[in-house]
Every structure is written in C-alpha cells, then in structure tokens.
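**Student:** For reference, the sequence and a predicted model appear below.
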Amino acid sequence: MKAFEIDYGAKYPKAVKKITDDLDVLLEFYRYPAEHWIHLRTTKPIESTFTSVRLRTKVTKGPGSRTAGIAMAYKLIESAQTRWRKVNAPELVALVRNGALFHKGKLLERPREITPPRSADTTRTEVA
C-alpha cells in the first residue's frame, strides 16, 4: 500500500487518500474464506432477482395496484429462486457466523499466526 501511495499520491491525491483512509474496509474481503470470495465480489444475485421483476413490470406497464405489484414481485422472485446458485463451501458459513478468523482466505487455527514477529532488538535473552 505504501508503494501505491508513493507512486500515485502526487498525481491523484484525492483518490489515494480515499483508498488509504478506507483500507480496512477495502481489504475486509480477505477476512472471509476464499471459497466465498466469488459470492462477495458480485452483486449478480441481487441484480438477477430484480431484473425479472423489472422486465415484467415494463411489459405489463405497471402492476396496477400496490397489492398486485407486491404479489407479482413475490411470485417472480419465488420462481427465480429455483435457478439460484448455492453458496460454495456452505460448511464454512457457520464458522464465519461464529467469528472464526480467516487470513487471506485461509482459516486461522491459532489467531496469533498473523501477528508480526518481534524484531531482534526488542527480544530479551535471559541468562540462567
């Protein structure tokens, strides 16, 4: 990230500031299992669900009433769910919900694995 900031900071200061200020949000993606990344990268499930509702509403020139619109949307979404793709690695969903830690997409058995090692000058050697 420092290299990015050095390379582009002078030419695009606002863009670099936005990225560096929100770096934790930007990299949150990597705190989930790698198998789930495909689902996190795309908004396709949301878009495809409402595309059928939008197309049908255009063809019928509006649903008529609010109740008819809600009923039509419900039935269209209900029929669309038969074509939805399942989540990759569903067994990892429970781990994510329970707060398991992932680093670069891999489950950390011991969360200390991502803490940086101490430098040589800060470690103490004790004499017996």
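**Tutor:** Right, received. Where do you want to start?
**Student:** show me what contacts the residue most central in space within the chain?
**Tutor:** The residue lying closest to the centre of the chain (CA atoms, centre = their mean) is residue 40, at 3.7 Å. The neighbourhood of residue 40, defined by CB atoms under 8 Å, 6 or more residues apart in numbering, consists of 29, 32. Every C-beta, even on glycine, is put in place using the N, C-alpha and C of the backbone.
**Student:** where's it, which helix or strand?
**Tutor:** Using DSSP states H and E, residue 40 sits within helix 37-41.
**Student:** Pull the distance from whichever helix or strand comes after that helix to the chain's centre.
**Tutor:** Later in the chain than helix 37-41, the nearest helix or strand by DSSP H and E is helix 44-59. Averaging C-alpha positions (CA atoms, centre = their mean, to the nearest Å) puts helix 44-59 22 Å from its chain's average.
**Student:** for helix 44-59, packing partners?
**Tutor:** On a contact count with 3 or more CB pairs under 8 Å, 6 or more residues apart in numbering; DSSP states H and E, helix 44-59 meets helix 66-80.
**Student:** Name the residues of the helix or strand that the helix it packs on is followed by that come out as buried.
**Tutor:** Next in sequence after helix 66-80, counting helices and strands by DSSP H and E, comes helix 91-97. Buried positions in helix 91-97, judged by neighbour count with 16 or more other CB atoms under 10 Å: 92, 96.
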